[in-house]
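> Turn this into a structure:
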Amino acid sequence: MVASALLRVLSHVSELKRLAEDLQRFVEDEAHLSSLVGVGFRGVQLTELAPYWLDSNMELQNASRSMFQAAVTRLGQAQLDVLCDQWQTSLSPAKTAQDNAKTRMADIASEDVELQIRALALLGSIAVERYTSMSPRLLKDIAKAIHGSIVSDKGSEMRSSHELQMLAVAIELCRQGFSMWQHYFDATEVVRSLFALSTSTSTSSSTSADSDLRTLARAATLQIAAENTPLFMTTLSLDILHARSAAHCSATMRLVAFMVRKRPSVLVANLPRLAEAVVKSLDPTHTTMREAVVNAATVMIGELVSTYPSLSFFGGGQRLAVGTHEGAVIMYDLKTATRLYVLEGHRRRADAVSFSPDGRRLVTMSLEEGRVLVWKTSSGFSTFFSPGQMPRQGATDVKLTDGAYKAFLFNVGEQHQSASKAGTTQAATFGCHQGENQEQDFVGFDRIRFQWNSERSVKVQIGEAQLNISVD
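Residues are numbered from 1 along each chain as shown. Next comes the predicted model:
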């Protein structure tokens, strides 16, 4: 294993990369080594690799995991059963601690705790690779140990060194196999605890181990969000709307901002739900809560608006516009934390929205429709008497605009159009200029941008295409 780790280090040197990788494969191929050495060859044991599973040295950690995975794959069913039976009893301390809150891990002999940690790492890692070969009872015991370690955590100041190690192993197992473990424990409770660990703040007494644990929790959270987005979003929304404290609500909003930066695609399908949750958290009738979370909410909204074109914020009027997958665009008033009205001009997904600099116009766009709509969002003195109603649009062609003030049609090609047909794609109308090598994946949310030239003129960037329109 040490040789494999050293070769991994050498592989970072460009001149030695190919040689180091060849030698690394040779060292890790136990079947080939056994045939070369013959009688007396002893391969590395799974129990010898487990302690390095979360080693601080990444090369050693990666080497141990690679060799562990290969060894588990070679293991016969009979050998696997013997190994599992041998280590399953060592999970009992974790089960007792979970069932009896009065029993603390510190009261158990140090040797037993270390054995328990090793058992969880060993059996949990085997389960991730070969869960179909393990009994449901054993899987349930492993999941129970993971659940107990994560949800019973009392924070860094009350955490012993052994509890820290156990928690790190449990979090890493969640990251690797949450889709399997979720059937054996309260998944929502575990996700909520991971949220808390991900957003824990550093204190004067915090150590590098606490920081590493927070990094592990964030990695697990990102993975769970990708694997089980509905569960993740439900827990996230509930934690914002029904937070046990203002600090907890703020921490959850910081987690959203982190998610936007690290894994923005995960949140795309649930942006309307997320936006509504953060708006409701700013309810002015709950003054204390609003004052406590307003900074975190501002950061979160800022991250959402700067990343996703389907959201737009007008600071002067504290208005937030959110495009939905059904085509509606929801207008929120952040001062009152209420939904003002819904714009229902699009029949397909509203991919992008943008306020004019003065907030008196809102441009909405649907790529599937190939249509841009312009809405009046403020008509001056008349809106003073009806602040919750959509201003009269005064469109000349109601059928074309579907209730909006103006409508523009465009065509920048189909997302799934083959390259052979790309050349026949028509240029967008109303001032749209298409590039010579238009990319076919322009539908991505990171491919749409608005640039306001003035209060009544905007340039819409869609991939390599540009659409210039007047909203006057």
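> Show me the strands in the chain, by range?
Per DSSP state E, the chain carries strands over the ranges 311-314, 319-323, 329-333, 338-343, 352-355, 361-366, 371-376, 406-409, 448-454, 457-462, 465-470.
> show me the contacts for the residue lying closest to residue 181 once chain neighbours are set aside.
The shortest distance from residue 181 to any non-neighbouring residue, by CB to CB, 6 or more residues apart in numbering, is to residue 143 (4.6 Å). C-beta coordinates here come from the backbone N, C-alpha and C atoms, glycine included. Contacts for residue 143 (CB atoms under 8 Å, 6 or more residues apart in numbering) come out as 181, 183-185.
> could you flag which of the residues you listed are buried?
Among the contacts of residue 143, those that count as buried by neighbour count (16 or more other CB atoms under 10 Å) are 181, 184-185.
> circling back to that earlier point, for residue 126, which of the strands of the chain is the nearest?
Nearest of these to residue 126, taken as CB to CB: strand 311-314 at 44.3 Å.
> May I have that closest one exported as CSV, CA atoms only?
Extracted in CSV, the C-alpha atoms of strand 311-314 (Å, rounded to 0.1, in the frame of the first residue of the first chain):
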residue,chain,number,x,y,z
LEU,A,311,-34.7,34.7,-11.1
SER,A,312,-34.4,38.5,-11.1
PHE,A,313,-34.3,41.0,-8.2
PHE,A,314,-35.1,44.7,-8.3
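> Name the strands paired with it and say parallel or antiparallel.
Strand pairing for strand 311-314, using DSSP bridges, gives strand 319-323 (antiparallel).
> Compute the inter-axis angle for the strand it pairs with and strand 361-366.
Interaxial angle, strand 319-323 versus strand 361-366 (axes from the mean of the first three to the mean of the last three CA atoms, to 10 degrees): 10 degrees.
> per-residue confidence averaged over strand 319-323?
Across strand 319-323, the average pLDDT comes to 95.
> Please enumerate residues in contact with that strand?
Outside strand 319-323, the residues that touch it by CB under 8 Å, 6+ apart are 271-272, 275-276, 279, 301, 310-314, 329-334, 340, 349-353, 355, 359, 362, 364, 377.
> Buried by neighbour count: which residues of that strand qualify?
Buried residues in strand 319-323, counting neighbours by 16+ other CB under 10 Å, are found at 319-323.
> quick check, nearest of those to residue 13?
In terms of CB to CB, no member of the buried residues of strand 319-323 lies closer to residue 13 than residue 323, at 49.4 Å.
> do you know how far the closest one is from residue 51?
Residue 323 sits 51 Å away from residue 51, going by CB to CB, to the nearest Å.
> And residue 314, by the same measure?
Distance of residue 314 to residue 51, given as CB to CB: 56 Å.
> Equivalent analysis for residue 296, please.
39 Å.
> Compare the two and say which is more crowded by neighbours.
Neighbours per residue (other CB atoms under 10 Å) separate residue 296 from residue 51, with residue 296 holding more: 23 against 14.
> Could I get the average pLDDT for stretch 284-292?
Rounded mean pLDDT across stretch 284-292 is 89.
> any idea which helix or strand of the chain has the worst average confidence?
helix 419-422 (a mean of 33; mean pLDDT, DSSP states H and E).
> what about the nearest residue to residue 128 once chain neighbours are set aside, how many residues close to it?
Closest residue to residue 128 apart from its sequence neighbours, by CB to CB, 6+ apart: residue 177 at 4.3 Å. Other residues within reach of residue 177, judged by other CB under 10 Å, total 22.
> Pick out the residue nearest the middle of the protein.
For the chain, the residue nearest the mean C-alpha position is residue 222 (4.0 Å; CA atoms, centre = their mean).
> Without its sequence neighbours, what residue ends up closest to that one?
residue 263 (5.2 Å).
> who's in contact with the one you found?
Going by CB under 8 Å, 6+ apart, residue 263 touches 222, 225-226.
> Tell me the one among those residues nearest to residue 452.
For the contacts of residue 263, with residue 452 as the reference and CB to CB as the criterion, the closest is residue 225, at 33.1 Å.
> Next, work out how far apart that closest one and residue 129 are.
From residue 225 to residue 129 the distance is 23 Å (CB to CB).
> now the helices: where do they sit in the stretch 151-300 of the chain?
Using DSSP state H, counting those that start in this stretch, the helices found in the stretch 151-300 of the chain span residues 161-181, 187-198, 208-227, 229-241, 246-262, 264-267, 271-280, 287-307.
> The stretch 1-150 of the chain too?
All helices of the stretch 1-150 of the chain, identified by DSSP H, counting those that start in this stretch, fall at 2-10, 17-28, 30-37, 46-49, 58-74, 77-88, 92-99, 110-130, 136-151.
> ok, residue 225 and residue 129, which is more surrounded?
Taking neighbours as other CB under 10 Å, residue 225 and residue 129 compare with residue 225 leading, 22 against 16.
> how close does that one get to residue 265?
Distance of residue 225 to residue 265, given as CB to CB: 10 Å.
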